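Engineer: Got a sequence here, can you model it:
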Amino acid sequence: MEQIWAQNYDPLNNPWLSTILASLPIIVLLGSIAIFHMRIHLAAILGLAVAVCVALFVFEMPAQAVSASTLYGGAYGLFPIGWIVLNLIFLYQLTVDKGLFTLIRMHLSTIAPDPRIQVILIAFAFGAFFEGAAGFGTPVAITAAILIQLGFRPLAACGLALIANTAPVAFGALGTPIIALSAVTGIDILALSAMVGRQLPLFSFIVPFWVIWAMTGFRGMIQVWPAAFTAGFSFALTQFLVSNYHGPWLVDIFASIASIVSIIVLLKFWQPKTLWKLPVAEDTVPIDKNPAGVERKDIIRAWTPWVILVIFIFAWGVPTVKTALNKISAPEFEVAYLHELVKRTPPIAPEPTIDKPAQAEAAVFKLNWLSATGSGILIAAVIAGFAIGYSFKQMVRAYFQTMWKVRFSLITIAAMLALGYVTKYSGADATLGLALAKTGVLYPFFGTMLGWLGVALTGSDTASNVLFGSLQTITAKQTGVDPVLMAAANSSGGVMGKMVDAQSIVVASTATNWYGHEGQILRYVFFHSIALAALVGIFVFLQAYVIPFSDMVVK
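Structural biologist: Next comes the predicted model:
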């Protein structure tokens with residue numbers, strides 16, 4: 001029987017030095033991308049190599065466990081995340097090759113002629129629906145692809161899609177982050193849902209204003225304030241009501257629908273006095289709002305693949321559907337040399353007791369190939385392909401072309417997830433978390449920033465909640481802060497890290513055919529990510545010490 005390895009969060013007996021070395025993989029990764037302009041798949045591989053060295057020689061993790069966690073993370077990067085990206089780009093490519101996106105551009109330009117309102121409608125409201133139904137990069141890929149077809153430059157399409165995809169993330173994939181947070185903390189899921197629902201609505205209201213400000217500046221934002229107000233207010237109000245009085249499962253679905261409907265109704269009665277024009281890129285095709293020969297049936301045909309996609313993504317997100325598909329086939333594999341052979345220790349894990357002994361970390365790879373969101377997208381793509389005139393042979397050829405197109409993206413995602421898993425199982429992530437936790441009365445602020453760090457590292461609010469949820473509740477009790485508040489803050493703060501994690505940036509660059517420019521995207525969104533996360537931290541700090549709103553009991 002293999003011996004269980006216990007994590008040590010200060011391996012050098014010097015908290016400062018241990019923390020600096022634990023952060024080295026992130027420093028190398030981000031520095032390689034943002035400063036040295038290294039191709040992101042090479043930067044991810046370099047960051048992974050540094051993480052492996054830190055795990056082996058600083059944290060003294062067994063070599064077999066390091067190798068196993070690397071393979072485990074890489075496999076998870078390819079499935080389910082890479083599986084989603086591959087099949088989504090396949091569907092997108094089918095529509096582009098048939099020229100259908102030109103018709104979508106024309107149609108959207110008639111519904112919302114102003115590009116600023118297009119961003120609010122597509123990147124914020126429409127993207128929130130996909131976040132609620134699927135998550136895992138789906139909304140960024142779809143909305144960035146649509147924006148670039150509307151004439152946006154690749155950098156703006158990627159950056160604006162990433163900024164807009166923030167407030168819905170905590171309730172993404174039918175509430176998965178909150179469900180996971182409840183599982184690791186033992187806190188009632190409805191209490192967590194309600195608390196997050198008292199933190200994020202303020203920022204859901206702000207984000208439409210913020211993303212237009214990032215796009216056009218303050219004056220351009222003021223010119224369309226009714227649209228930003230309508231989208232943000234309807235989303236925030238619905239988000240608050242559903243999260244507090246129903247639960248986390250359908251928050252984004254209802255909030256996004258409310259926002260979309262509100263914007264469309266507003267546009268029936270109001271349009272901005274001045275239309276803002278996009279800077280014309282060299283490869284942008286001008287939009288002809290009334291192309292000759294285009295009939296209503298052509299517009300319906302153009303939207304058909306995306307309607308099919310929405311139906312399948314929503315169906316695949318329903319728990320009963322997932323359960324039924326998993327019963328057919330969903331094999332699970334325990335990862336050799338890793339499963340239940342690594343143990344977290346206090347204060348990351350609770351002190352073991354007779355009733356609750358210390359639990360080793362599970363490492364089980366779930367090959368739920370039928371119920372995975374990417375599989376639903378693939379089926380939708382095949383059905384859509386037949387609907388728009390492809391033969392089976394043509395689709396097979398297009399699929400292999402898509403695989404070649406996204407090869408570097410898949411390598412990057414696999415390397416990034418491998419880095420995250422090595423960091424997790426070696427305990428380096430906890431070392432960073434403990435450094436932020438030792439901030440005394442300022443802990444509500446820095447605890448929120450810890451959630452941001454978790455998502456920036458892992459690319460997932462769910463993963464961040466699993467990593468730091470227990471730490472947040474333990475530290476909150478030690479500092480006299482409400483543990484429900486801080487557990488929720490981990491998720492709320494984490495959503496702002498979504499725009500800077502390498503996984504999301506790669507998804508955006510791949511969807512817009514702009515792979516290799518990830519450093520520019522990172523620099524575009526970094527300030528917005530830090531600023532919004534800091535604002536969430538300030539708000540949580542006020543909730544902890546000033547605002548009684550956080551103590552309201554939801555009946």
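Engineer: where along the stretch 451-555 of the chain do the helices fall?
Structural biologist: With helices called from DSSP state H, counting those that start in this stretch, the stretch 451-555 of the chain shows them at 461-479, 483-494, 502-511, 518-545.
Engineer: backbone phi and psi for the residue nearest in space to the middle of the chain, please?
Structural biologist: For the chain, the residue whose C-alpha lies nearest the mean C-alpha position (Cα atoms, centre = their mean) is Lys498; its distance is 4.9 Å. Main-chain dihedrals, Lys498, degrees, to the nearest 10: phi -60, psi -30.
Engineer: and if you look at Met499?
Structural biologist: Met499 adopts backbone torsions of phi -80, psi -10, taken as degrees, to the nearest 10.
Engineer: and the residue nearest to the centre of the chain, what is it in contact with?
Structural biologist: Neighbour list for Lys498: Leu162, Asn165, Thr166, Val169, Val455, Gly459, Asp461, Ser504 [criterion: Cβ atoms under 8 Å, 6 or more residues apart in numbering]. For the C-beta atoms, the positions are set from N, CA and C on the backbone; glycine is no exception.
Engineer: Kindly recompute the last result at 7 Å.
Structural biologist: By Cβ atoms under 7 Å, 6 or more residues apart in numbering, the residues touching Lys498 are Asn165, Thr166, Val169, Val455, Asp461, Ser504.
Engineer: how close does the third one get to Val140?
Structural biologist: The reference is to Val169. Val169 sits 10 Å away from Val140, going by Cβ to Cβ, to the nearest Å.
Engineer: Name the residues of the lowest-mean-pLDDT helix or strand in the chain that are buried.
Structural biologist: Least confident helix or strand, the chain: helix 100-111 with a mean of 77, by mean pLDDT, DSSP states H and E. For helix 100-111, a neighbour-count test (16 or more other Cβ atoms under 10 Å) marks Leu100, Phe101, Thr102, Leu103, Ile104, Arg105, Met106, His107, Leu108, Ser109 as buried.
Engineer: picking up where we left off before, among the contacts of Lys498, which one has the most neighbours?
Structural biologist: Val455 (33 neighbours; other Cβ atoms under 10 Å).
Engineer: confidence score at it?
Structural biologist: Note on Val455: pLDDT of 88.
Engineer: My guess is it contacts Val466. True?
Structural biologist: No: in this structure Val455 lies outside contact range of Val466 using Cβ atoms under 7 Å: 11.5 Å.
Engineer: Ok, which of the helices of the stretch 451-555 of the chain comes nearest Lys343?
Structural biologist: Of all the helices of the stretch 451-555 of the chain, helix 461-479 sits nearest to Lys343, with 13.2 Å by Cβ to Cβ.
Engineer: can you pull the buried residues of that closest one?
Structural biologist: For helix 461-479, by 16+ other Cβ under 10 Å, it's 461-476, 479.
Engineer: And for the residue lying closest to Phe171 once chain neighbours are set aside, the neighbour number?
Structural biologist: Leaving aside its chain neighbours, Phe171 sits nearest to Val251 (3.9 Å; criterion: Cβ to Cβ, 6 or more residues apart in numbering). Close neighbours of Val251, defined as other Cβ under 10 Å, add up to 30.
Engineer: which ones are touching Val251?
Structural biologist: When contacts are counted by Cβ under 7 Å, 6+ apart, Val251 touches Gly132, Phe171, Gly175, Gln239, Val242, Ser243.
Engineer: Could you check the pLDDT of it?
Structural biologist: 93.
Engineer: Also Thr284?
Structural biologist: Reported pLDDT for Thr284: 44.
Engineer: Kindly report the same for Ser18.
Structural biologist: 95.
Engineer: contacts for the helix or strand hosting it?
Structural biologist: Per DSSP states H and E: Ser18 is located in helix 15-22. The contact list for helix 15-22, computed with Cβ under 7 Å, 6+ apart, reads Asp10, Pro11, Leu12, Val54, Val58, Ala428, Thr431, Leu432, Ala435.
Engineer: Among those, which one sits closest to Leu121?
Structural biologist: After measuring these against Leu121 - Cβ to Cβ - the closest member comes out as Leu432, at 37.9 Å.
Engineer: Roughly how far does that closest one sit from Leu457?
Structural biologist: 8 Å.
Engineer: what about these two, which has more around it?
Structural biologist: Under the neighbour definition other Cβ under 10 Å, Leu432 and Leu457 were set side by side, and Leu457 has more, 26 against 23.
Engineer: so what's the residue lying closest to that one once chain neighbours are set aside up against?
Structural biologist: Spatial nearest neighbour of Leu457, excluding adjacent residues (Cβ to Cβ, 6+ apart): Gly420 at 5.8 Å. Residues counted as contacts of Gly420 (Cβ under 7 Å, 6+ apart) are Gly73, Leu457, Thr458.
Engineer: got the buried residues for the host helix or strand of Gly420?
Structural biologist: Taking DSSP H and E as the criterion, Gly420 maps to helix 407-426. Residues of helix 407-426 classed as buried by neighbour count (16+ other Cβ under 10 Å): 408-426.
Engineer: Check which helices and strands the strand or helix carrying Ala144 is in contact with.
Structural biologist: Ala144 belongs to helix 138-149 when assigned by DSSP H and E. Helices and strands touching helix 138-149, by 3 or more Cβ pairs under 7 Å, 6 or more residues apart in numbering; DSSP states H and E, are helix 83-97, helix 100-111, helix 127-133, helix 154-164, helix 502-511.
Engineer: would you turn the ones you listed into JSON lines with distance to Gln3?
Structural biologist: Shown next, in JSON lines, are the helices and strands packed on helix 138-149 (distance: least, Cβ to Cβ, whole Å):
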{"stretch": "helix 83-97", "distance to Gln3": "35"}
{"stretch": "helix 100-111", "distance to Gln3": "57"}
{"stretch": "helix 127-133", "distance to Gln3": "42"}
{"stretch": "helix 154-164", "distance to Gln3": "43"}
{"stretch": "helix 502-511", "distance to Gln3": "33"}
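Engineer: closest one to Gly376 among these?
Structural biologist: Among those, the nearest to Gly376 by Cβ to Cβ is helix 83-97 (8.7 Å).
Engineer: Against which helices or strands is the closest one packed?
Structural biologist: Counting by 3+ Cβ pairs under 7 Å, 6+ apart, helix 83-97 packs on helix 138-149, helix 296-317, helix 373-387, helix 392-405, helix 407-426, helix 502-511.
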